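Chemist: Test case, fold it:
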Amino acid sequence: MVRTQQDETKYREELKERIAELKKDKDAAIIVHNYQRPEIQDIADIKGDSLALSRAATRIGNDVIIFCGVRFMAESASILNPGKKIILPVIEAGCPLADMVNLDQIKAKRQQFPDAAVVCYVNSLAEIKAESDICCTSGNAVNIVKSLNEYRKIIFIPDKNLGLYVASQVPEKEIITLEGFCPSHVRLSKADVLKVKASHPGAEFLVHPECYPEVVELADGVCSTKQMFDYIEVSKCKEFIIGTETGLLYGLEKKFPGRKFYSASVNLLCADMKLTTLGWVAHALEFMEHEIKVPENIRVKAKRTLDRMLEVK
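Modeler: Prediction:
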C-alpha cells in the first residue's frame, strides 16, 4: 500500500500531538539545533546554535531535556545539568569532526608547546573538553582566544579551518592547529560560491568559519548560525547566499519572510543532523532513550572548561 501525501501529513500531525502529550507527562523540554529537519525545528521549545543551546540548557527548569542535535551537544547539556535527564533521540547521531581528535594528540601538543593554552571547539567529546583549558564555539572563538591574555601561543582543536580564521583575526597570537575538519562545510568550494554569486549578483554571502579560507575570503560576513540571524536582522540587503548547512534556510525563511535565501551548495548537508525524526522524538519521550551521561570525573573537569567559556562576554 502506497502512503499518500495526505497520509503522511496526518501521520506527522498525530506524532506532534503524541509528542506534546508525552512532553507534558514527562516534564520535558525539547531543544533543537538550527540544522535539524524543519518538522523538528517546529516542535522546539528552544532553538539555536551550540553556544545558545549550551546557555539555554543551564536555565531550563524541566526534569528532562530532549536534545535534537548530535552527541557532543547532548554531552555538553549533561555536563552543565548533572541533575537532569538528557536524552539524545538517535544514539547514532554523532559528529565526525568531534571524532578527529584524541587525548594522545592533546598530550603530544602540550609536550611540544608547554607554554600554550588548549582551546577546544565545542564540537568535541567530553573527555577532550576535560583535558582542555577553555572551550569555544564558532560564534565566540575569536573573543575566547583574545581573552587569554596570559598566553601568546594557542593550541586550537580540532577544526583547522576555524583555527585559521581565528588566526587571521588575532594576529598577535600564534595559533597551532590540528588537521580536523567538518565534512559538510569543506564540501563548499570557491567555484560553488562564485557560481551562485553570478546567479544572484545582488545577494550578500554569509559563510560559516568551518569552510576553507579561500571560501571565507569571498564572504560579506563570517558568522555562526546565530550571528547569521543577527547579521540579516540589521542588513538592508534583501537577498542572501548562505554558506552553511542547508537546514538553516528553513529557520531564516520563517524569521525573515520578506527576504530571499539561497544555499551556496546542495552539498552543504549534515547526514547526522538529519537522523532525528518526529518518530524518534516520540520514541525517545516514551521510553526515555537514549540517556547521555558523562562520568563524574570527566564531567567535573569538562564543566570547568565550559564554564570558563560561558564567563567570557
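Chemist: Now do the SS call for the nearest residue to Arg299 once chain neighbours are set aside.
Modeler: Once flanking residues are discounted, Arg299 sits nearest to Ile79: 5.1 Å by Cβ to Cβ, 6 or more residues apart in numbering. C-betas here are computed from N, CA, C, even on glycine. When classified by DSSP: H, G, I helix; E, B strand; the rest coil, Ile79 comes out as helix.
Chemist: Who are the contact partners of Ile79?
Modeler: Residues near Ile79 by Cβ atoms under 8 Å, 6 or more residues apart in numbering: Ala126, Lys129, Val294, Arg299, Ala302, Lys303, Leu306.
Chemist: go on, Ala52?
Modeler: Neighbouring residues of Ala52 by Cβ under 8 Å, 6+ apart: Ile46, Lys226.
Chemist: Please repeat the previous calculation with a cut-off of 10 Å.
Modeler: Counting by Cβ atoms under 10 Å, 6 or more residues apart in numbering, Ala52 makes contact with Ile31, His33, Asn34, Ile46, Thr137, Gly139, Ser224, Thr225, Lys226.
Chemist: distance of it from Lys26?
Modeler: Distance, Ala52 to Lys26, by Cβ to Cβ, to the nearest Å: 23 Å.
Chemist: where along the chain do the helices fall?
Modeler: Assigned by DSSP state H, the chain shows helices spanning 5-26, 38-41, 50-57, 71-80, 103-112, 126-130, 141-147, 160-169, 190-199, 213-216, 225-234, 248-255, 278-287, 296-311.
Chemist: Quick check: which of the ones you listed is buried the most?
Modeler: Counting by mean count of other Cβ atoms under 10 Å, helix 71-80 has the highest mean neighbour count of these, with a mean of 25.
Chemist: quick one: that one to helix 50-57, angle?
Modeler: Per axes from the mean of the first three to the mean of the last three Cα atoms, to 10 degrees, the angle that helix 71-80 makes with helix 50-57 is 30 degrees.
Chemist: Please renumber the chain so that the first residue is 45 from this point on.
Modeler: Let's use 45 as the start, then, which means that last one is helix 115-124.
Chemist: Give me the angle between helix 115-124 and helix 340-355.
Modeler: Using the same axes, to 10 degrees: helix 115-124 against helix 340-355 is 90 degrees.
Chemist: Helix 115-124: how far from the chain's middle?
Modeler: Relative to its chain's centre, helix 115-124 lies at 12 Å (Cα atoms, centre = their mean, to the nearest Å).
Chemist: what do you get for stretch 105-119?
Modeler: Its chain's C-alpha centre and that of stretch 105-119 lie 13 Å apart, by Cα atoms, centre = their mean.
Chemist: State the distance spanning the first to the last residue of that stretch.
Modeler: 18 Å (Cα to Cα, to the nearest Å).
Chemist: just stretch 76-89 next, same as before
Modeler: Criterion Cα to Cα; first-to-last residue distance in stretch 76-89 is 8 Å.
Chemist: where does the protein have its least confident helix or strand?
Modeler: helix 94-101 (a mean of 76; mean pLDDT, DSSP states H and E).
Chemist: Find the centremost residue of the protein, please.
Modeler: The centroid of the chain falls nearest to Ser94 when counting by Cα atoms, centre = their mean (4.3 Å).
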